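Asks: show me how the following folds:
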Amino acid sequence: MTIRGKPWTYQSNSNTNSCDGSSSSLSGWNGGDTNDFLQQLVDECGDLCSGESCSTTSGDVNEDAMLNIQDIITMVNHILNTSSLDGCALEAADMNMDGIINIQDLISLVNAILGSARSAQMDGKAQVEYLTSGNDLIVQIVSSVDVAGIQFSILNDSPIEIELKDNSHITQDSHFQNGRNQYLAYSMFNQSFDSRTTELLLQDAGMIDLEDLQLTISDINGDALYLSQSQSGQNYQTGPYKFEMEELYPNPFNPSTQISFSLPMDDYVKLSAYDIKGNEVDIIFEGAQGVGQHSYTWNASSFPSGVYYIRLQAGSLVSSQKALLIK
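Replies: Sure thing, here's the model as predicted:
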């Protein structure tokens, strides 16, 4: 295709000839105003100033056109905050396109390198109990499906040593910077943990507040498990109701989602929404609640699209779920 230029500049546009000196170059063009001329070029030839987009393969975080161990190491370093990705590399790292790079993306990358097919949707859940043992904190995880990866993000003034019981085939990486501990446990070959009961020891972390701790658990597909968490062994589940937050519905949502939960005893409840940086952005409900089922609607019409976390706290019991707002 030949592109001809009108023989005058944008500032000097008195020439009324068409772009090649005749009226046949562009259909219907007989000269005139510069803006009209440019608009007709766009209408007939398309946008001449189209923006560039990333062409990097999903998972190719070092942009070398290959998926291998180097990409795993680069993604791990980004999650642990030892180095940062940006541009197309950052886009390539977000394997599940949820706006955050974490253990889920790492498991998905391992699967892509191994050529592993995705298993059927699991919709896994896990009960997480935090037990104080002297100065230490023991985290016990009982999951409904096989676990393939665990990520801790903990706010603390000093580094925290985390020990994974058994599971000698699981790789562990950690990093402490600017008051935040990051910890990853995963398999380079996407092998699941030894059993569906997992235990970790956090040294000298017995006084950690659960509000300063974020836990993400992934299945072999790279999907997050829904978590129900309790602290100090206080897990009131002996009556007809147990402490549980049901799956959000709908999720993804726009602009509202329903949050249903049950309480095993009368308690003071706080139901909040957090952004991916851990900032509380909305209090959905706060106050006394009785034993039994409860339901609230979160209207997020005033918030931008993205990933949020719905957190339910009743006394020392905590449960959270991820919510995806798509407008």
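Asks: just give me the neighbour total for the closest residue to Glu91 other than its chain neighbours.
Replies: With sequence-adjacent residues excluded and distances taken as CB to CB, 6 or more residues apart in numbering, Glu91 is closest to Cys54, at 5.1 Å. (Glycine included, C-beta is placed from N, CA and C.) Cys54 is flanked by 13 other residues according to other CB atoms under 10 Å.
Asks: next: the one 3 residues further on.
Replies: With neighbours defined by other CB under 10 Å, the count for Thr57 comes to 14.
Asks: that one and Ala65 touch, don't they?
Replies: Yes - between Thr57 and Ala65 there is a contact under CB atoms under 8 Å: 7.2 Å.
Asks: now do the helices in the stretch 101-250 of the chain.
Replies: Under the criterion DSSP state H, counting those that start in this stretch, the stretch 101-250 of the chain contains helices at 103-114.
Asks: give me the below-cutoff pLDDT ranges for it.
Replies: 232-241 (pLDDT under 70).
Asks: hey, where'd the strands end up in it?
Replies: 125-133, 136-143, 149-155, 162-164, 171-177, 180-186, 197-202, 213-218, 226-231, 244-245 (DSSP state E, counting those that start in this stretch).
Asks: possible to save the ones you listed as TSV with mean neighbour count and distance to Gln293?
Replies: Listed next are the strands of the stretch 101-250 of the chain as TSV, based on neighbours: other CB atoms under 10 Å; distance: least, CB to CB, whole Å:
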stretch	mean neighbour count	distance to Gln293
strand 125-133	18	18
strand 136-143	19	23
strand 149-155	22	31
strand 162-164	17	36
strand 171-177	15	40
strand 180-186	22	35
strand 197-202	19	28
strand 213-218	22	26
strand 226-231	22	15
strand 244-245	20	10
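Asks: make TSV out of those and add distance to Ser262.
Replies: Below are these laid out as TSV (distance: least, CB to CB, whole Å):
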stretch	distance to Ser262
strand 125-133	14
strand 136-143	19
strand 149-155	26
strand 162-164	31
strand 171-177	35
strand 180-186	31
strand 197-202	24
strand 213-218	21
strand 226-231	11
strand 244-245	5
